[in-house]
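Undergrad: give me coordinates for this.
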Amino acid sequence: MKQSTYKKLFGIIITSMMLLPGCFWKSESTKANESMLYVVNVLSKDLYDDAHIKGSIHVDLDDLDTQAEQWNKDATVVVYCSNYQCTASSYAAKNLKKAGFKHVFAYEGGMAEWYHLSQHDANYQVEGPAVEDYLKGESEPLQEHEGTVDTITASALNQLMQKATVA
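TA: Residues are numbered from 1 along each chain as shown. Sure thing, here's the model as predicted:
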């Protein structure tokens with residue numbers, strides 16, 4: 001092939017890569033959005049201050065829709081409340097999904113399960129004095145909530161938090 005043919009071919013390849021970047025590589029901002037993680041406690045501020053997953057943020061359930069308007073809808077959002085008997089996390093997850101968030105999960109074991117795990121495994125970190133009674137009780141998954149929202153286990157959330165950029 002002549003050198004001019006190589007130049008044309010190279011030019012076509014470069015132009016294609018510039019026009020269709022998603023087909024060849026992901027931009028740094030796309031990678032950052034995919035690795036962005038919001039771990040959101042939707043309990044009252046008092047309960048959040050008493051005990052919350054280290055790195056999580058507090059947003060009152062009533063303010064979640066307004067607060068979430070500022071978040072990237074491609075980010076992963078995990079909402080949690082107190083335990084399996086609390087329905088706030090699944091309610092919040094449903095609303096975020098309706099608002100257009102693509103990667104939304106309810107951590108239904110909530111703060112009580114995370115607290116129990118933290119007593120035996122240093123990878124489950126809790127911030128706050130953790131004196132509320134609900135933290136001390138055992139809690140089992142409710143069958144009736146299965147399938148209504150995407151859920152995440154404590155183990156999967158812990159792994160996700162170690163890999164992602166927590167907001």
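Undergrad: next one: the nearest residue to Tyr115 once chain neighbours are set aside from Asn123, what distance?
TA: Leaving out its chain neighbours, the residue that sits closest to Tyr115 by Cβ to Cβ, 6 or more residues apart in numbering is Leu135, at 4.6 Å. (Glycine included, C-beta is placed from N, CA and C.) Leu135 sits 18 Å away from Asn123, going by Cβ to Cβ, to the nearest Å.
Undergrad: what about the two, which has more around it?
TA: Shown here are Leu135 and Asn123; by other Cβ atoms under 10 Å, Leu135 has more neighbours (23 against 12).
Undergrad: look up phi and psi at the more buried one.
TA: For Leu135, the backbone dihedrals (degrees, to the nearest 10) come out as phi -70, psi -20.
Undergrad: need the pLDDT of the residue positioned nearest the centre of the chain.
TA: The chain has Val77 as the residue nearest its centroid, 3.0 Å off, counting by Cα atoms, centre = their mean. Val77 is assigned 97 on the pLDDT scale.
Undergrad: name the SS class of it, please.
TA: The three-state assignment at Val77 reads strand, by DSSP: H, G, I helix; E, B strand; the rest coil.
Undergrad: sounds good, over and out.
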